[in-house]
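# Give me a 3D structure for the following:
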Amino acid sequence: MIFDDLKGKIALVTGASRRQGIGAAICRAFAAQGTDVFFTSWQQYDRDMPHTQDPHGPERLADELRSAGIRAEFLEVDLSDPDAPVRVLDTVAERLGKPAILVNNAVHSTRDGYQKLDAAILDAHYAVNLRALALLSVEFARRHVAGTPGRIINLSSGQSLGPMPEELAYVATKGAVEAFTRTLAAEVAHLGITVNAINPGLTDTGWITPEIERAFLTRMSMGRLGLPDDAARLAVFLASDAAAWITGQTIHSAGA
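Numbering: from 1, shown residues only. Just a heads-up that it's a prediction; the model follows:
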């Protein structure tokens, strides 16, 4: 589906280092709508996660997006730096203009569990999953022209639906995203900004082994795992005028 109101707008998408990931899929989906795209990447994190490496991913994704006829830029940035959110928004404005859409997709995730969890692990998750998301969102709102449409879309992981063993730091911070989404939506509605979250469910972004797939398929009522494009289509819808009356919601698009 084509949403004409998205053509010519600027979308900022965080965490699009890997071309197999949800962030890259969201970038492509916006490009297909004629939306200019600015995305962030942080390949140092990817290098520490062997199953997620894509050494030239950001450059090749940017070229792919430009081939769709839109403007595309990216910034390699560590979102755990407290100053990063302002830097990112300044760079978007300098290179493309003021964004009308913010998609907070970047994530930090390592397995912990109660035997491993410590302050350093908690702080690393908090810095990216919650603090960077919150600071980007409020700075986006402060710069927004009141009365014009604005969209903030956060990525959740369905922590309110059930446990995720050995992911204590991850669930604590991602669960907080849903609470933050609800309250920020109420605060910025008068500006014309909607704020929603997407729980994409179990999504195959390259990390799922055949063993994991077999184990989870028995629980998936639709008979398959999620794909990055599933989340991307929902993000585009939430950014469009068709979703102008939806705010403060976490949409569990988990195929179950």
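
# and D229, how far is that from T110?
Computed with CB to CB, to the nearest Å, the distance linking D229 and T110 is 26 Å. In short, each C-beta sits where N, CA and C put it, glycine included.

# Can you name the next helix or strand after the longest helix anywhere in the chain?
Criterion DSSP state H: the longest helix present in the chain is helix 168-188. Scanning forward in sequence from helix 168-188, with DSSP states H and E defining helices and strands, the next element found is strand 193-199.

# For the stretch 101-250 of the chain, which segments count as helices?
In order along the chain, the stretch 101-250 of the chain carries the following helices (DSSP state H, counting those that start in this stretch): 119-125, 133-143, 168-188, 210-217, 228-239.

# To P82, which of the ones you listed lies closest?
Each of those has some distance to P82 by CB to CB; the shortest is helix 133-143, at 7.4 Å.

# which outside residues touch the closest one?
Residues lying outside helix 133-143 but in contact with it, judged by CB atoms under 8 Å, 6 or more residues apart in numbering, are 12, 14, 82, 85-86, 88-89, 93, 98-99, 102, 104, 106, 150, 152, 154, 177, 180, 184, 187-188, 191, 193, 195.

# Can you give the distance of it from its chain's centre?
For helix 133-143, the distance between its averaged C-alpha position and the chain's averaged C-alpha position is 14 Å (CA atoms, centre = their mean, to the nearest Å).

# Might you list the low-confidence residue ranges for the stretch 101-250 of the chain?
In the prediction, the stretch 101-250 of the chain carries residues with pLDDT under 70 at positions 206-208, 212-213, 215-216, 218, 220, 223.

# please redo it, this time with the cut-off set to 90
Screening the stretch 101-250 of the chain residue by residue with the criterion pLDDT under 90, one finds the ranges 110-111, 113, 157-167, 201-227.

# number of nearby residues for A186?
Using other CB atoms under 10 Å, the number of residues around A186 comes to 11.

# Might you report the residue contacts of it?
Shown in contact with A186 (CB under 8 Å, 6+ apart): G248.

# Let's see that with 10 Å instead.
By CB atoms under 10 Å, 6 or more residues apart in numbering, the contact list for A186 reads V195, T247, G248.

# for R151, same thing?
Taking CB under 10 Å, 6+ apart as the test, what R151 contacts is 6, 9, 11, 99-103, 140, 192-196, 235, 238-241, 243-244, 247.

# Of these, keep whichever come out buried.
When neighbours are counted using 16 or more other CB atoms under 10 Å, these contain these buried positions: 6, 9, 11, 99-103, 140, 192-196, 235, 238-240, 243, 247.

# most centrally placed residue in the protein?
When the chain is reduced to its mean C-alpha position, the closest residue under CA atoms, centre = their mean turns out to be N105, at 1.6 Å.

# What residues does that one make contact with?
Listed by CB under 10 Å, 6+ apart, the contact partners of N105 are 13-16, 21-27, 39-40, 133, 153-155, 198, 200, 231, 235.
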